[in-house]
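In: Got a sequence here, can you build the structure:
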Amino acid sequence: MTAILGAGISGLSAGYYLLRKGLTPSSVLILETSNRVGGWIRSERFDSEGYVFESGPRTIRPKGLAASNTLDLIEDVGLADQVYPIFSNHVAARNRMIYAKGKLNMLPSDVVGVLKTKPPFTKPLFMAGFKDLFTGRSSVRLEDETIYSFVNRRFGREIADYAISAMLCGICAGDAKQISVKFLMKRMFEMEQAHGGVIKGFLKDALFRKKQQDTKAQDSSELAKRAKAENWSIYSIYGGLQTLPIRIGLILKEQMVDIRTDVTFEEIVFDGNQILLKVDGKERVVDRLISSIPSYKLAKHVEKQHPSLSKELAAIPFVDVAVINIRYKTPNLQKYEAFGFLVPPIENLPILGVIFDSCCFDMENNTVLTVMMGGSWFEKWFGTNPKEEQLLTVALEQLRKILGIREPPDSYKVNILRKCIPQYVVGHHKRVDAIRQYIREHKIPLALCGSSYDGVGVNDVILSARECVDGLIGNGFK
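Out: Residues are numbered from 1 along each chain as shown. Okay, the predicted model is just below:
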């Protein structure tokens, strides 16, 4: 029997991949403490009014190995015809903005834009490439550093302050001055350390290294081929992204996988090759445990037997994020046709950014916006326990200030997502390697997947689940 902790997208995917590897459904148990599956992916549909509120992820990127794996999964579970693509020529794909120096600024989206000086930057962006070319490597060989420090050294302070710092707010609600460069720019960092510069490294790589085929690459699904042929920028699923975990959950249940929600994990005891789970007052023995729950939650359950492992798991920091979904019956109130805008921390404003949902997707005649707030700065702006009314007031105030929207919303939803996004601070990858090494050395029948370890995006956590299962089967587990 294999038990999976957590029925978010990673835990559900792990269950699905276990069945694909040949395990019988009766040998898989999924345990979830909340009353639903899907984790942080949560869509609230208002079909009669023609709009959707997303409190978590809403789009997925279609490019790369992890992305191809997700598209394969979507096709495999029968949702290919429900995919909602945004093509690269769509305004939501072409137009991305940042709010800086008191106004909204459109970021360059083509070569011409990179050659011009566009606010908030005081020089054309291509000049940042020249800085990298003429800047030597760090005087000391680095194992890791913050993404802010790296970008500042290689490409200049403006890129670090306005481009990268804003991007981190949108991706992980994190502070670029704390996040590891390996979170987003591992390849660039390695190029600098090996060759003395990012551009130099890529040029040498292109000229002297033969292209190697990725051994993990597999034949792409028809959906992945379609995404490439049609040049998708991002995509979602009709009815909201939650459609995906719900579909996986239904398939697992139809195959008689035991998925239990509203459970309470009381105790986990590792005893040789077996695990004693105490859940809702009942004990159950399983052979293998896959944990997709946040690392800090798992830390509490292993502390008694493995305190050093617990300490490392608990050391991975998480942030709180407030997500305020706002809907107006009047269309196109945001005036700008774009995906939305991000706010770099240097602006010292209480929001991370705003997504123009109704510009990205058909919301009929509604203007639907999502305001993101908090992250690494949650307590600074809102204290430890803000009221929903306080958060809504701040969100509406910023919409009025930045977008000029003064009318009250026709509906809204305030979501306070506690400890929802892990922060890959400097040393994260070394810590995760040490965690997994400890599990191997102590022969603990435990495997890890999910956003705490291998990436925070939807693509990342699904691939994390697949590789977790592949590792189990590869190690002789049946």
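
In: The worst-scoring helix or strand of the chain on mean pLDDT packs against which elements?
Out: Ranking every helix and strand in the chain by mean pLDDT, DSSP states H and E puts helix 198-208 at the bottom, with a mean of 77. For helix 198-208, the elements it packs on are helix 126-133, helix 186-195, judged by 3 or more C-beta pairs under 8 Å, 6 or more residues apart in numbering; DSSP states H and E. C-beta coordinates here come from the backbone N, C-alpha and C atoms, glycine included.

In: With distance to Asp433, mean pLDDT and mean neighbour count as extra columns, can I get these in CSV?
Out: Shown next, in CSV, are the helices and strands packed on helix 198-208 (distance: least, C-beta to C-beta, whole Å; pLDDT from 0 to 100; neighbours: other C-beta atoms under 10 Å):
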stretch, distance to Asp433, mean pLDDT, mean neighbour count
helix 126-133, 29, 84, 16
helix 186-195, 14, 87, 17
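
In: which one of these lies closest to Gly38?
Out: helix 186-195 (29.1 Å; C-beta to C-beta).

In: Assess the claim that Ile402 and Tyr99 are in contact.
Out: Yes. If you go by C-beta atoms under 8 Å, Ile402 and Tyr99 touch, sitting 5.7 Å apart.

In: In terms of packing, which of those two has more residues around it?
Out: Between Ile402 and Tyr99, counting by other C-beta atoms under 10 Å, Tyr99 is the more crowded of the two (23 against 19).

In: Quick check: the gap between that one and Val279.
Out: 47 Å (C-beta to C-beta, to the nearest Å).

In: Also Ser358?
Out: Applying C-beta to C-beta to Ser358 and Val279 gives a distance of 43 Å.

In: of those two, who's got more company?
Out: Between Ser358 and Val279, counted using other C-beta under 10 Å, the more crowded position is Ser358 (22 against 19).

In: any idea which helix or strand carries the more buried one?
Out: helix 357-360 (DSSP states H and E).

In: Whichever helix or strand comes after that helix: how far from the chain's middle?
Out: Next along the chain after helix 357-360, taking DSSP H and E as the criterion, comes strand 367-375. Centroid separation for strand 367-375 versus its chain: 16 Å, with C-alpha atoms, centre = their mean, to the nearest Å.

In: Downstream of strand 367-375, the next helix or strand is which one?
Out: That would be, after strand 367-375 and using DSSP H and E, helix 378-382.

In: Summarise which helices and strands that next one is packed against.
Out: Using 3+ C-beta pairs under 8 Å, 6+ apart: helix 378-382 touches strand 318-328, strand 367-375, helix 388-403.

In: Any idea which of the ones you listed gets closest to Ile74?
Out: Counting by C-beta to C-beta, Ile74 lies closest to strand 367-375 out of these; the figure is 22.9 Å.
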